[in-house]
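>>> 3D, please:
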Amino acid sequence: MKIETKKEVFTTPLYLESGRILEPYEIVYETYGELNEDKSNVIVVCHALTGSHHAAGYYEGDRKPGWWDLMIGSGKTIDTDKYFVICSNVIGSCFGSTGPMSEMYPSLKRYRLKFPVITIKDMVKAQRILFDRLGIYEAHAVIGGSMGGMQALTFAVEYPSFAKKAIVLAATYATQPWAIAFNKVAREAIIKDPLFQNGNYDPEEIKKRVMSGLAIGRMSGYISYLSPDSMRRKFGRNYVETDGLYELFGRFQVERYLDYNGYNFISWFDPLSYLYITKAINIFDISRNYDSLEDALDRVKNMLYLISFKNDLLFLPYEMEKIYETMKKIGKESLCEYRCIDSDYGHDAFLVEVDKFKDYVKDILER
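I've put the predicted structure just below:
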């Protein structure tokens with residue numbers, strides 16, 4: 001599989017929903033496979049909160065592949081022998097695209113808390129500008145899960161002629177209070193950590209001294225990504241063998257799991273990016289700036305495929321079903337399919353249990 005990682009620099013202003021601008025800004029992106037002569041084989045992949053442009057394959061020395069390697073590659077569901085796959089890092093992230101720790105031109109100072117609040121629509125707008133520069137004016141499909149699904153839905157509404165098919169997994173039409181509450185715990189833990197210093201932290205210092213607020217915030221996220229069933233199956237009531245049951249700080253296996261993933265997170269993700277991206281997720285509402293959800297979805301022109309997961313406790317299946325029911329209500333049932341996958345894994349099923357939906361996605365792409 002041919003993998004290329006590139007960066008584009010834009011000197012014209014990016015006008016944001018908030019009324020502010022980014023100028024200049026950069027977008028890092030990765031491509032897989034070969035673009036055919038008439039550019040009809042493009043599939044856009046959108047990443048979730050802590051994802052990046054590195055969606056598949058290995059970099060030299062990597063222990064793990066890209067975040068959706070189970071789906072993307074030669075002979076896989078998103079077959080790079082057939083399709084030219086492109087995944088860009090969203091603005092606001094910390095993997096190369098312009099974000100809060102980027103330098104604020106013309107000074108060498110970082111944006112930090114002066115970085116503007118961005119939205120999912122802003123992320124998609126920036127990608128659309130990137131694709132225009134690359135001469136990609138139409139995609140065979142756009143696909144993503146969680147925040148990536150929000151982006152795919154936004155493509156379908158805001159740029160209805162761009163993708164022939166929009167595949168939305170484990171997402172919502174508008175972030176609900178339950179998900180906002182989980183993000184609130186994470187955000188407060190980061191902001192109240194003494195090492196945060198009102199956003200003026202040293203990126204290397206918080207790794208050495210361990211910003212526990214970011215770790216605790218990530219633990220909150222991991223709880224929302226799983227489900228009671230998957231936790232019971234994965235950990236049961238097993239205790240860490242080297243910890244004493246009657247030691248006050250002895251741990252169950254599930255606690256050790258959260259410790260490991262939470263504190264490991266500090267080494268590879270930036271706290272300000274976490275704050276800005278969770279803010280974008282919190283304020284996501286596909287009907288904002290329209291009269292209603294019906295009014296927003298009435299803009300959809302091409303096929304919209306909705307995939308939810310039965311035990312997703314972050315974005316519940318009824319949220320995706322509401323999109324489908326609204327499409328039916330406005331007479332666009334022929335442009336929409338909805339499927340709820342029988343899974344008890346939780347929200348992260350779209351990353352982990354691909355065997356349960358990959359054939360369906362492959363069928364969608366090959367229709």
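>>> As a check, name the ranges of all strands in this structure.
3-10, 14-15, 21-22, 25-32, 42-46, 72-73, 78-79, 84-88, 141-145, 165-169, 303-309, 336-341 (DSSP state E).
>>> looking at those strands, which is buried most?
strand 141-145 (a mean of 29; mean count of other C-beta atoms under 10 Å). From N, CA and C alone the C-beta is placed, and that goes for glycine too.
>>> Centre of the chain to that one, how far?
10 Å (C-alpha atoms, centre = their mean, to the nearest Å).
>>> For that strand, name the packing helices and strands.
Identification of packing neighbours for strand 141-145 by 3 or more C-beta pairs under 8 Å, 6 or more residues apart in numbering; DSSP states H and E yields strand 42-46, helix 147-158, strand 165-169, helix 358-366.
>>> could you dump the first one to PDB, C-alpha only?
When you say that, I think you mean strand 42-46. Listed next in PDB are the C-alpha coordinates belonging to strand 42-46 (Å, rounded to 0.1, in the frame of the first residue of the first chain):
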ATOM      1  CA  VAL A  42     -11.500   9.200  -4.000                       C
ATOM      2  CA  ILE A  43     -12.600   8.200  -0.500                       C
ATOM      3  CA  VAL A  44     -12.300  10.800   2.300                       C
ATOM      4  CA  VAL A  45     -11.800   9.400   5.800                       C
ATOM      5  CA  CYS A  46     -12.500  11.600   8.800                       C
END
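>>> Spit out the contact partners of Gln176.
By C-beta atoms under 8 Å, 6 or more residues apart in numbering, the contact set of Gln176 is Phe315, Leu316, Glu319.
>>> What lies in contact with stretch 115-126?
14, 16-18, 20-22, 25, 27, 90-92, 97, 99-100, 102, 147, 150-151, 154-155, 158-159, 272, 276, 279-281, 283-284.
>>> what do you get if the cut-off is 6 Å, keeping everything else the same?
Under the contact criterion C-beta atoms under 6 Å, 6 or more residues apart in numbering, stretch 115-126 has outside partners 14, 16-18, 20, 90-92, 100, 150-151, 154-155, 279-280, 284.
>>> Using neighbour counts, trim those residues to the buried set.
Neighbour-count burial (16 or more other C-beta atoms under 10 Å) is assigned, among the contacts of stretch 115-126, to 14, 16-17, 90-92, 100, 150-151, 154-155, 279-280, 284.
>>> can you list those residues in TSV and add pLDDT and distance to Lys64?
As requested, the buried ones among the contacts of stretch 115-126 are exported to TSV (pLDDT from 0 to 100; distance: C-beta to C-beta, whole Å):
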residue	pLDDT	distance to Lys64
Leu14	98	32
Leu16	98	33
Glu17	98	34
Val90	98	21
Ile91	98	25
Gly92	98	23
Pro100	98	26
Met150	99	25
Gln151	99	23
Thr154	98	29
Phe155	98	28
Lys279	98	28
Ala280	98	26
Phe284	98	28
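>>> in the chain, which residue is closest to the centre?
Ala48 (1.0 Å; C-alpha atoms, centre = their mean).
>>> That residue and Ile277: what is the separation?
Remark: distance between Ala48 and Ile277 (C-beta to C-beta, to the nearest Å) = 9 Å.
>>> coming back round to it: please render the strands of the chain as JSON lines that adds distance to Phe115 to the earlier fields.
Output for those, formatted as JSON lines (distance: least, C-beta to C-beta, whole Å):
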{"stretch": "strand 3-10", "distance to Phe115": "16"}
{"stretch": "strand 14-15", "distance to Phe115": "13"}
{"stretch": "strand 21-22", "distance to Phe115": "9"}
{"stretch": "strand 25-32", "distance to Phe115": "11"}
{"stretch": "strand 42-46", "distance to Phe115": "21"}
{"stretch": "strand 72-73", "distance to Phe115": "30"}
{"stretch": "strand 78-79", "distance to Phe115": "32"}
{"stretch": "strand 84-88", "distance to Phe115": "18"}
{"stretch": "strand 141-145", "distance to Phe115": "23"}
{"stretch": "strand 165-169", "distance to Phe115": "28"}
{"stretch": "strand 303-309", "distance to Phe115": "32"}
{"stretch": "strand 336-341", "distance to Phe115": "36"}
